[in-house]
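Novice: kindly return the folded structure for what I paste below:
(one chain, ligands or ions: 1)
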Amino acid sequence: MATALATRLSRSLQSRLLLTYVALMVLSVGGLILWTGQRLQAAAIEQAEHNLELEAFIIADALREPLDKWAQGENSEGRSPQSLVRSYAESAGGRVTVTDAGLRVLFSSDERVPTHNEESHPEFVAARAGREQHDIRRDEWSGEERLFVAASVSEEDRKVLGFVQLSVPMAPIYAEIRQTWLSLFVVGGIALIITALISLVLAHQIARPVQALTVITEQIAAGRLERRVTPAGPDEIQRLGQAFNRMAERVQEMLAQQQAFVANAAHELRSPLTSLRLRLEMLQMHAHGDADLTRHYLRQMEREVDRLRRLVDHLLALSALDEGKRPSCTPLDLAPLLYALVDEMGPLARQADLDLCVDVPPHLPPVMANAEQMHIVVRNLLDNAMKYTPAGGRITLRATTADLKQRSSGAAGRGGLASGPLDLNTSGQKAAVVIEVADTGIGIPAEALSHIFERFYRVDRAWSRRQGGAGLGLALVRAIVEAHGGHVKVGSQPGQGSVFTVLLPTSETSGATGS
Ligand code: ADP
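Specialist: The predicted structure is shown next:
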């Protein structure tokens, strides 16, 4: 349990950041404290030694005359060397011991120091050799650790009269050093606590928005698509939050579109199926032996099956385009394809008492296109024109070449409504083949013009359904044309007719490639 918590903590972004900051701080502050402490400690001892040596020299200098006189057995007028040694020791705050030139102790401010030879201690050895050297050791008479220095008492002619040893206990020096270390640790500790607090705030500021983002992501993954993050924290993380929200928005939109598409598709499939089922029931119940009635129902059923096939074809074609499947394209002269379509549609137009006019040159500049898909595009436009033009009307199929540099974006078609966000000439294309399907039919109301390329959109639902339309034809036209790097527009006057214009870049300028 405890290890699991520790693992969790060490894995979380916040604790990792915090641990990193604190570890860096401990290393840097700790290193600084150690270095400074060592320097201060060395400086304190050095200072104490220096002061002691200075005092030893002063005492040695002051003792020269009294010692000389004492050695010569003269009775000094002033104080005896012993009392002088005591008073010097008192003012130096330590112990003063005087030896003769042979290092035999003569006087000491400390009564515990007996008369003995002092030949072995380093400060005396150095003083006898004319050097200065201190020594820190446990004192054999008092048992405490002391700092020792020694200085020679010499006459002016350099004759050595004796030596002065000055020593102080180390305890006060050590106490001062301990105090210094303590102060350093307190300052370091405070700096560490402040850094840890600041690091905690910083780590929190970085980690909290990331945690919030994770929570929201998990909620979205669990199906709550409406959830969004509130961008917070450093700039980069705020931008991440905003981008995340945009992505979630888009996903939600796409999902809604997909759901609507599936619901619409199911709805559209249901009506021909219901109608087929009805006809079948009628056939079973009423048409026994009645050949005319049977033929009548079969004809109706054939129409429904055609409608179903058309619907499924459109759905499949749209879904292939949605998946990003690029049609395989070859350089194509559209003129023969257009003539073939007119031949195909001619009888139907005549049947519907419509005048189908063609204004297409024998050849058109090649466009990079898929023939089958171009057939679907023009066939759908002609189908619509025939569906929405009353008997006696005229349908014109026109094809030309356009120099896009000279065309303005709204030039093609009356009303000039564009289906896509870009006009061809804004995307660097130079020439295009323009196909127009114009009719003198019922036209399209202005408010519907911007919707007619949407999936399942129909101006008059009931009328269009009776005509066998599901509102997918124009959506498919647009998807195919745009997959070819082209563009489709519509212009219409209600009661007068409509013009659908398809612009396809010629193969020299086309961006479409075969797949
Ligand atoms: P449908 O298969 O229902 O015809 P489309 O996507 O082909 O679906 O067309 C969408 C809608 O645009 C139609 O329902 C119709 O209202 C309108 N429309 C399309 N072409 C024409 C046209 N030539 N004249 C008048 N209205 C048209």
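
Novice: drop to CA atoms for contacts and neighbour counts, all remaining ones
Specialist: OK.

Novice: where does the chain have low pLDDT?
Specialist: Residue ranges of the chain with pLDDT under 70: 1-11, 74-78, 404-429, 462-468, 509-515.

Novice: 80 - rerun?
Specialist: Scanning the chain for pLDDT under 80 picks out the ranges 1-14, 71-79, 115, 117-119, 156-158, 287-289, 325-327, 404-430, 460-469, 508-515.

Novice: got the residues of it near the ligand?
Specialist: Counting by C-alpha under 6 Å from any ligand atom, the chain comes close to the ligand at 384-385, 388, 441-444, 452, 457-460, 464, 469-475, 498.

Novice: how about a cut-off of 5 Å?
Specialist: 384-385, 388, 443, 452, 458-459, 464, 469-474 (C-alpha under 5 Å from any ligand atom).

Novice: what's the closest of those to Ala399?
Specialist: Ala385 (16.1 Å; C-alpha to C-alpha).

Novice: which SS class is the closest one?
Specialist: Following DSSP: H, G, I helix; E, B strand; the rest coil, Ala385 is assigned to helix.

Novice: what's the nearest residue to it if we skip its chain neighbours?
Specialist: Closest residue in space to Ala385, ignoring its immediate chain neighbours: Asp439 at 5.8 Å, by C-alpha to C-alpha, 6 or more residues apart in numbering.

Novice: mind listing what the one you found touches?
Specialist: Ala385, Thr389, Gly393, Arg394, Ile395, Thr396, Gly497, Ser498, Val499 (C-alpha atoms under 8 Å, 6 or more residues apart in numbering).

Novice: please name the residues that touch the second one.
Specialist: This means Thr389. By C-alpha under 8 Å, 6+ apart, the neighbours of Thr389 are Leu354, Asp439, Thr440, Gly441, Ile442, Gly497.

Novice: part of a strand, is it?
Specialist: No. Counting by three-state DSSP, Thr389 falls outside a strand, being coil.

Novice: contacts only, for the spatially most central residue of the chain.
Specialist: Residue closest to the average C-alpha location in the chain (C-alpha atoms, centre = their mean): Leu240, at 5.4 Å. Each residue near Leu240 by C-alpha under 8 Å, 6+ apart is listed here: Pro231.

Novice: please identify the helix or strand for it.
Specialist: Here Leu240, judged by DSSP states H and E, is contained in helix 235-286.

Novice: what does Leu503 give?
Specialist: If you go by DSSP H and E, Leu503 is part of strand 497-505.

Novice: partners of that strand in the sheet?
Specialist: Strand pairing for strand 497-505, determined by DSSP bridges: strand 431-439 (antiparallel), strand 487-493 (antiparallel).

Novice: just the CA trace of the first one, in CSV.
Specialist: Presented in CSV, the C-alpha positions along strand 431-439 are these (Å, rounded to 0.1, in the frame of the first residue of the first chain):
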residue,chain,number,x,y,z
ALA,A,431,-7.7,27.2,-67.3
ALA,A,432,-10.9,25.1,-66.7
VAL,A,433,-13.5,23.3,-68.6
VAL,A,434,-16.9,24.7,-67.7
ILE,A,435,-20.0,22.5,-68.0
GLU,A,436,-23.4,24.1,-67.6
VAL,A,437,-26.7,22.4,-67.2
ALA,A,438,-29.5,25.0,-67.5
ASP,A,439,-33.2,24.4,-67.4
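
Novice: in it, what's buried?
Specialist: For strand 431-439, the neighbour count (16 or more other C-alpha atoms under 10 Å) marks Ala431, Ala432, Val433, Val434, Ile435, Glu436, Val437, Ala438, Asp439 as buried.

Novice: starting at the chain centroid, how far to that strand?
Specialist: Remark: strand 431-439 is offset 47 Å from the chain centroid, using C-alpha atoms, centre = their mean, to the nearest Å.

Novice: Arg455 contacts Ala475, correct?
Specialist: Yes. Arg455 lies in contact with Ala475 (C-alpha atoms under 8 Å); the separation is 5.4 Å.

Novice: and the strands in the stretch 351-500 of the chain, which stretches?
Specialist: 355-359, 367-369, 394-403, 417-418, 431-439, 487-493, 497-505 (DSSP state E, counting those that start in this stretch).

Novice: tell me how far the residue of the stretch 101-250 of the chain at minimum distance from the ligand lies from Ala207.
Specialist: The ligand sits closest to Arg250 of the stretch 101-250 of the chain, with a gap of 24.8 Å, by C-alpha to the nearest ligand atom. Counting by C-alpha to C-alpha, to the nearest Å, the gap from Arg250 to Ala207 is 26 Å.

Novice: of those two, which one has the most company?
Specialist: Set Arg250 next to Ala207 and count neighbours by other C-alpha atoms under 10 Å: Ala207 wins out with 20 against 12.

Novice: please list all residues in contact with the more buried one.
Specialist: Ala207 neighbours (C-alpha under 8 Å, 6+ apart): Leu13, Gln14.

Novice: could you do the one 3 residues further on as well?
Specialist: For Val210, the contacting residues are Ile237, by C-alpha under 8 Å, 6+ apart.

Novice: let me know the angle separating the helix or strand that contains it from helix 235-286.
Specialist: Using DSSP H and E, Val210 sits within helix 171-221. Angle, helix 171-221 to helix 235-286, by axes from the mean of the first three to the mean of the last three C-alpha atoms, to 10 degrees: 20 degrees.

Novice: helix 171-221: how far from the chain's middle?
Specialist: Centroid separation for helix 171-221 versus its chain: 26 Å, with C-alpha atoms, centre = their mean.

Novice: check stretch 257-265 too.
Specialist: 34 Å.

Novice: which residues are contacting that stretch?
Specialist: For stretch 257-265, contacts defined as C-alpha under 8 Å, 6+ apart pick out Leu315, Arg455, Phe456.

Novice: now the residues you listed as CSV including neighbour count?
Specialist: Listed next are the contacts of stretch 257-265 as CSV, based on neighbours: other C-alpha atoms under 10 Å:
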residue, neighbour count
Leu315, 17
Arg455, 20
Phe456, 20
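
Novice: which neighbouring elements make contact with the longest helix anywhere in the chain?
Specialist: In the chain, with assignment by DSSP state H, the single longest helix is helix 13-71. Applying 3 or more C-alpha pairs under 8 Å, 6 or more residues apart in numbering; DSSP states H and E, we find helix 13-71 packed against helix 2-11, helix 81-92, strand 145-154, strand 160-169, helix 171-221.

Novice: tell me which of the ones you listed sits nearest to Met25.
Specialist: Comparing the helices and strands packed on helix 13-71 by C-alpha to C-alpha, helix 171-221 comes nearest, at 6.6 Å.

Novice: report the closest residue of the stretch 201-350 of the chain relative to the ligand.
Specialist: Closest point on the stretch 201-350 of the chain to the ligand, by C-alpha to the nearest ligand atom, is Leu311, at 8.6 Å.

Novice: surely that residue meets Phe456?
Specialist: No. With contact defined as C-alpha under 8 Å, Leu311 does not reach Phe456; the gap is 10.8 Å.

Novice: can you list residues touching both of those two?
Specialist: Common contact partners of Leu311 and Phe456 (C-alpha under 8 Å, 6+ apart): Ala470, Leu472.

Novice: for the closest residue to Leu84 other than its chain neighbours, give its distance to Arg128.
Specialist: Closest residue to Leu84 apart from its sequence neighbours, by C-alpha to C-alpha, 6+ apart: Leu63 at 8.0 Å. Using C-alpha to C-alpha, one gets 17 Å for the distance from Leu63 to Arg128.

Novice: what about those two, which has more around it?
Specialist: Leu63 (23 against 20).

Novice: wait, doesn't the more buried one sit right on Pro81?
Specialist: Yes. Contact criterion C-alpha under 8 Å: Leu63 and Pro81 qualify, at 7.3 Å.

Novice: helix, strand, or coil at Glu344?
Specialist: Going by three-state DSSP: Glu344 is helix.
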